[in-house]
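[1] Pasting a predicted model and its sequence here:
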Amino acid sequence: MNQWLSVMARMIFISCTLIIPHADAIDSSYPNRPIRIIVPFPPGGPTDNYARLIASKMSEDFKQPVIVENRAGGTGTPGTLAVMNAPADGYTLIFTSNSAHLISPLLKNPSPFDPVKDFSPLSMVIKYPMYLLVNPNVPVKNLTEFIQYAKTHPNQLNYSSVGIGSGGHLACELFNIAAGTNVVHVPYKGAAPAQAALIGGETQMFCDSVGNSQGMVNAGKIRGLALFSEKRSTVAPEVPTMGEMGLSGLAAYIWLGMLAPPNLPLDIQNKLNLELVKIMAMPDVSAFALKGGNDIVANTPAQFAQMMRDEKDLWAKVIREKNIKPE
């Protein structure tokens, strides 16, 4: 309830500070035709699911069709470039994650796009922390014991990820740097095989989302040690944060958000931002997000842009330090 009220407060604040000063310039006719939201992933995943939920709410409010188009492949780059090069009129948008929008271009040389400068940010709608998990046969009960165990077994333990350059990959390397451990990366093609490798003992560590792995933790098939976040999760309240276990400032999130082509008119940018904040404050939407262990963000375009700049610096440093190369 407190998180829902917080979103409502942000919506009121944004309405007052962003929309009212530009009221005379707002194009009341927007939108007057269908809006297309490109998702640079296949159907059925979390990014696609949230995009479709938001699209249905936008369609109801705007009285126009809002169509979700999946453009998977190329680690999200083709779909992202399609939006970057689209007209800046508010009728072509992208709903994406930091794995495709921010991390992927950091692994390419030259980078195909700048995640902030080449787009008009609208809002980061949700984020969820990465979750450090271990195989239950590893003889540890908490993160402190695991760090000591890993240090006494350098390069002998492995961790699984959904692929090179994924959020889980970088989160685990961020942990290696902060903890002074050398757990070795083993990439898999997707969350299901990466999780299965941990359960089966092929790997000893995995950095995943609470929503995807807490069910396996509850079933006793894997063990959750700590969250890469500033606060505990309502879905797994017994799991401490990295800070509580002595690794302060160690945060790693996957986020989902919406952006538009560069140079979107300010009135349209503000209208779309306010709409996203409104949608995320709806009881059914916020309940859906919180049930999956997600934090509702629903921030302003300026806040979204700054968060991306800060995160870009963090992951660029991890990539350089660990010499991570694309597949």
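    Received, thanks. Note that the coordinates shown come from a computational prediction; the quantities given were computed from them, not determined experimentally.

[2] How is this structure divided into domains?
    For the chain, automatic domain parsing gives the domain ranges 2-127+254-322, 129-227.

[3] Compare the mean pLDDT across those and name the weakest.
    Ranked by mean pLDDT, those end with domain 2-127+254-322 at the bottom, a mean of 89.

[4] How far off centre is it?
    Once both centres are worked out by Cα atoms, centre = their mean, to the nearest Å, domain 2-127+254-322 turns out to sit 11 Å from its chain's centre.

[5] which element follows the top strand by length along the chain toward the C-terminus?
    Determined from DSSP state E, the single longest strand within the chain is strand 120-134. Proceeding C-terminally, strand 120-134 gives way to helix 143-151 as the next helix or strand, assigned by DSSP states H and E.

[6] Next, the angle strand 120-134 makes with that next one.
    When axes from the mean of the first three to the mean of the last three Cα atoms, to 10 degrees is applied, the directions of helix 143-151 and strand 120-134 differ by 80 degrees.

[7] can you pull out the strands in the stretch 101-250 of the chain?
    Here the stretch 101-250 of the chain has its strands, by DSSP state E, counting those that start in this stretch, at 120-134, 158-161, 184-187, 205-209, 223-227.

[8] Check which helices and strands the fourth one sits against.
    Strand 205-209 sits against strand 120-134, strand 158-161, helix 167-179, helix 191-200, with contacts defined as 3 or more Cβ pairs under 8 Å, 6 or more residues apart in numbering; DSSP states H and E. All C-beta atoms are positioned from the backbone trio N, CA, C, and that covers glycine.

[9] distance of A298 from V125?
    Using Cβ to Cβ, to the nearest Å, one gets 6 Å for the distance from A298 to V125.

[10] Bridged to the closest residue to D295 other than its chain neighbours, which residues?
    Nearest-residue entry for D295: K127, 5.3 Å, with adjacent residues in sequence omitted and distances by Cβ to Cβ, 6 or more residues apart in numbering. With DSSP bridges as the criterion, K127 is bridged to W255, D295.

[11] And K127, how close does it get to I296?
    Per Cβ to Cβ, K127 is found 9 Å from I296.

[12] what do you get for M205?
    For M205, the distance to I296 (Cβ to Cβ) stands at 29 Å.

[13] who has more neighbours, those two?
    Using other Cβ atoms under 10 Å as the criterion, M205 and I296 rank with M205 on top: 27 against 21.

[14] Now that one. Nearest residue, chain neighbours left out?
    Spatial nearest neighbour of M205, chain neighbours left out: Y159 (3.8 Å); criterion: Cβ to Cβ, 6+ apart.

[15] quick one, what contacts the nearest residue to N32 once chain neighbours are set aside?
    Distances taken as Cβ to Cβ, 6+ apart place Q64 nearest to N32, at 7.2 Å, with adjacent residues excluded. Residues in contact with Q64, defined by Cβ atoms under 8 Å, 6 or more residues apart in numbering, are 31-35.

[16] Of those, which is the nearest to S233?
    Among the contacts of Q64, I35 lies closest to S233 (Cβ to Cβ), at 33.0 Å.

[17] quick one: contacts for the closest one?
    I35 sits next to 58, 62, 64-67, 90-93 when contact means Cβ under 8 Å, 6+ apart.

[18] for the strands of the stretch 101-250 of the chain, which one sits closest to A289?
    So among the strands of the stretch 101-250 of the chain, strand 120-134 is nearest, using Cβ to Cβ, at 5.3 Å.

[19] Helices of this structure, residue ranges please.
    Per DSSP state H, the chain carries helices over the ranges 2-14, 46-62, 77-84, 98, 104-106, 143-151, 167-179, 191-200, 210-218, 266-280, 283-291, 301-322.
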